[in-house]
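A.B. asks: the following comprises the amino acid sequence and a computationally predicted model.
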Amino acid sequence: AGFSDSEGIVLTTSVNQENFLGTGKSVEFQINTSKVNTIFDLSYTNPYYTIDGVSRGFGFSYVTTDASEADSVSAFDSEQFSVRMNYGIPLTEFDRVGVAGDIRKTEINGTDFSDEIEEFLDDNGNDFLNFNLTGNYVHDSRNRRIFGTKGFFQVARFEVALPFSDLEYYKLEHRHIWLYPLNDTFTLSTRSEVGYGDAFGDTTDLPFFEKFRAGGSDSVRGFQDNSLGPVDSEGDAFGGNFLTTAGVEIYFPIPAFIDASKLRFGIFADVGNVYEDFSDFETSELRGSVGLQINLITGLGGITMSFASPLNDDEDDDTQPFQFDFGTSF
């Protein structure tokens, strides 16, 4: 169980068998529910499909979304069923390449849409069968994933809906985290995320449910989750085709309170925004914040709290100086 500012109470149930029937294969079934999303997912992975460590997996998922339950986001209901197959190819101790293909059936439901969503549905329909191909490259040399103190993580991802799909579009994304120990107590961390997507062929725009969003505890803190960027005719965040965010943080433990491996403080500065398109990027539209973040590991999961002060918020921005997540990763 957990809690997120953007999704409310989150309940997750999963069963994972790493050595299914003694075969060495991994099977996992997961149910994840919140006020916004309900996810059912079944996956099967052979971690050693070849003797060189190439993995192969299959999966099925069913996702329902009620975006109207997410504060300040364009409202729509959707159902999506997908079937996927993926391969993972190790390159070095720290580097891995992944390739995946999936078939997605997406249906948009409801009648009370913003003008922008209504226009997209009028031009492209509301029931889509897509064939998507995804590739990614991951480098991870961090000394540990939770409370790491040194190393570098980056992931580059490319996704394209193949030309015979009902919707034709592509997305490119890159994220990085760099950890550098200043001394035995303080750790410098930098992070960034850049994303761009667009439609091609007969599709008029990047689908509204695939657009990039920013704001929130894992993006630009001090601004409400997913609230930054272009707004629709209802005044709700619509998302955009271009995303850029960055942040710098200095972590330090408070030994007087608790074991440093379980409690960590950090002072941070964030900046970023979402734009309708790359050509609309303006530095003057970037939003920034500074503040204090607390990460705590408990027996029930991770707790993240941030106290942020927006630096250049507009009167129409949805600010949120205090943000809290429980049972989520960081």
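C.D. replies: Received the coordinates, thanks. This structure is a prediction, so every number in the text was calculated from the model and none was measured. Numbers count the residues shown, from 1 in each chain.
A.B. asks: start and end of stretch 32-40, how far apart?
C.D. replies: Stretch 32-40 has its terminal residues 7 Å apart, counting by C-alpha to C-alpha, to the nearest Å.
A.B. asks: pull out the buried residues from that stretch.
C.D. replies: Asn32, Thr33, Ser34, Val36, Asn37, Thr38, Ile39 (16 or more other C-beta atoms under 10 Å). (C-beta placed from N, C-alpha, C; glycine too.)
A.B. asks: likewise stretch 111-119?
C.D. replies: Judged by neighbour count (16+ other C-beta under 10 Å), stretch 111-119 contains these buried residues: Phe113, Ser114, Glu116, Ile117.
A.B. asks: and the furthest pair within the residues you listed?
C.D. replies: Using C-beta to C-beta, the pair of these lying farthest apart is Phe113 and Glu116, separated by 8.2 Å.
A.B. asks: what touches both of those two?
C.D. replies: In terms of C-beta atoms under 8 Å, 6 or more residues apart in numbering, Phe113 and Glu116 are both contacted by the residues Ser74.
A.B. asks: distance of the residue nearest the centre of the chain relative to Glu69?
C.D. replies: Residue closest to the average C-alpha location in the chain (C-alpha atoms, centre = their mean): Asp218, at 8.6 Å. Noted for Asp218: a distance of 19 Å to Glu69, by C-beta to C-beta, to the nearest Å.
A.B. asks: what do you get for Pro253?
C.D. replies: 37 Å.
A.B. asks: give me the number of residues near Gln154?
C.D. replies: 16 (other C-beta atoms under 10 Å).
A.B. asks: ugh, wrong one, I meant Lys105
C.D. replies: Lys105 sits with 15 neighbouring residues when counted by other C-beta under 10 Å.
A.B. asks: could you do Ala67 as well?
C.D. replies: 19.
A.B. asks: you'd agree it is up against Asp77?
C.D. replies: Yes - Ala67 is within contact range of Asp77, at 7.4 Å (criterion: C-beta atoms under 8 Å).
A.B. asks: dump the residue contacts of Tyr48.
C.D. replies: Contacts of Tyr48 were listed using C-beta under 8 Å, 6+ apart, and they are Gly24, Val54, Ser55.
A.B. asks: and those, which of them are in strands?
C.D. replies: Within the contacts of Tyr48, residues falling in strands by DSSP state E are Ser55.
A.B. asks: quick one: the helices in the stretch 101-250 of the chain?
C.D. replies: Counting by DSSP state H, counting those that start in this stretch, residue ranges of the helices within the stretch 101-250 of the chain are 115-124.
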